[in-house]
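Below are the sequence and a predicted model; questions follow.
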Amino acid sequence: MAIETLRQLQDDGLCGTIVLKIGSALLVDTQGQPRTEWLSALVAEIAAIRARGQNVVIVSSGAIALGAARLGLEKRGRGSLADAQAAASVGQITLAGLWSGLLEKHDLSAAQILVTLGDLEDRRRYLNASSTLTRLLDAGIVPVVNENDSVATEEIRFGDNDRLAARVAQAAGADAVILLSDIDGLMDRDPADPKARLVETVRGITADIRAMASGNSNSGIGSGGMISKIQAAEIAERAGIALAIINGQPFAPVGKAIDSGRGTVFVPQRSDSARRSWLGGRIAPEGSMTVDEGCIAALAGGASLLAAGIVDVKGAFERGELVSIVDTDGCAIAQGLAEYDSDTCRKLCGLRQAEQAQVLGHAPRSAVIHRDQMVML
């Protein structure tokens, strides 16, 4: 049975582990100081969730904002990459201490986990992170996860903690993700429009749903917007994980949202295997392959990607690296691990197997991307 309502998030039979994501604008005020009263109320809610027998993983922003205030940096530490990295280095200590101290008041212990994009994109490192999270939860610990902004660069980072929360939920084997936002949930148009209405339930993300998302963050502090939350929901729904967006601004926001039923729940659409879930959640392909309509139909039917259906190859990638499969309009339809490097793929574009052997000088592999190493999006 899938989670379809906010109230079901309280059911420990349906929802054994929850990932709770808190953004900078909720955790830190405009002066760069922690909102301790609000945080204390939230931690009391976390303690109540734990008392119901549910596990909680916290994905917390705020390190850069806290560190920037301590260092006196302009633009809240986001004036340059060097400023952001320095601010994160200082602020991460404060952030970890803040969570640890507040959880200890409820006899709960915190563990800090800092991850980079590569930690969850690489299969071996992902499994290591999953093992650590599982062991901590088994021991009754509350993991506090953040992107390691002290070493991350623009090219190799999540850039927002919404997608990170969905990836952490996969690694932790969670049943639900709750994203605390500055609005009630997904609105059917720009939230500033007085005619905007809350979308309470989403059963599959379509072009219409994506069109509702606004890329603007009202806070001016965080890096995420509604688009990143939709992307997080896409990662979650393929892995059989429910994702809820609620308004995090009130005190004790989780309870208020559940009691009022006000928020947006993205209902899981499928439950991929552990490996396919990881593969579908990866967000940093090294290149792309454009395919024709016949190929798209074959892929939808469970076929591997053959060279004959490829019409273009972009990017530079090696064998075994992640590649996006797109249609002629550039829309991603699948992604998987390439059996050839990008130069070889370009040579094989549109060729049938007999022709490939002449180009390669040896028998070709059965597919450019095998169906076992591919996931439909």
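Received it, and whenever you're ready, just let me know what you need. Numbering: from 1, shown residues only.

which stretches of the protein form helices?
Secondary structure of the chain by DSSP state H: the helices cover 24-27, 36-51, 63-71, 81-104, 117-121, 123-138, 161-172, 207-212, 226-238, 253-260, 274-281, 293-300, 342-348, 353-360.

got the ones you listed as CSV, with mean pLDDT and distance to residue 333 columns?
Bear in mind the C-beta positions are built from the backbone N, C-alpha and C, glycine included. Conversion of the helices of the chain to CSV gives the following (pLDDT from 0 to 100; distance: least, C-beta to C-beta, whole Å):
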stretch, mean pLDDT, distance to residue 333
helix 24-27, 93, 34
helix 36-51, 97, 38
helix 63-71, 93, 35
helix 81-104, 94, 34
helix 117-121, 90, 20
helix 123-138, 95, 22
helix 161-172, 95, 19
helix 207-212, 86, 13
helix 226-238, 92, 13
helix 253-260, 96, 34
helix 274-281, 86, 12
helix 293-300, 95, 6
helix 342-348, 95, 17
helix 353-360, 89, 23
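
Out of the ones you listed, which is closest to residue 307?
The closest of the helices of the chain to residue 307 is helix 342-348. By C-beta to C-beta, the value is 4.0 Å.

Which residues outside that closest one are in contact with it?
287, 289, 307, 310, 313, 315-318, 338, 340, 356, 359-360, 364, 368 (C-beta atoms under 8 Å, 6 or more residues apart in numbering).

Give me the buried subset of these.
Among these, those classed as buried by 16 or more other C-beta atoms under 10 Å are 287, 289, 307, 310, 313, 317, 338, 340, 356, 364, 368.

Which of those residues fall in strands?
If you go by DSSP state E, the buried ones among the contacts of helix 342-348 have 287, 289, 310, 313 in strands.

okay, among those, which ones form the most distant pair?
Longest distance between any two of these is 11.8 Å, between 287 and 310; criterion C-beta to C-beta.

if we can go back for a sec, including distance to residue 194, could the helices of the chain go into CSV?
Below are those laid out as CSV (distance: least, C-beta to C-beta, whole Å):
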stretch, distance to residue 194
helix 24-27, 23
helix 36-51, 28
helix 63-71, 31
helix 81-104, 36
helix 117-121, 39
helix 123-138, 43
helix 161-172, 26
helix 207-212, 16
helix 226-238, 18
helix 253-260, 20
helix 274-281, 37
helix 293-300, 41
helix 342-348, 50
helix 353-360, 59
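
Mean neighbour count, these: which tops it?
Mean neighbours per residue, mean count of other C-beta atoms under 10 Å, is largest over the helices of the chain for helix 161-172, with a mean of 28.

Which residue is the nearest non-sequential neighbour of residue 45?
Nearest residue to residue 45 in three dimensions, chain neighbours excluded: residue 254, at 4.9 Å (C-beta to C-beta, 6 or more residues apart in numbering).

which residues are in contact with stretch 120-140?
So stretch 120-140 is contacted by 17, 55, 57, 108-109, 111, 113, 115, 118-119, 143, 164, 167-168, 171-173, 275, 278, 281-284, 322 (C-beta under 8 Å, 6+ apart).

From what I see, the residue nearest to residue 45 and residue 44 are in contact.
No: here residue 254 does not reach residue 44: they are 10.3 Å apart, not a contact under C-beta atoms under 8 Å.
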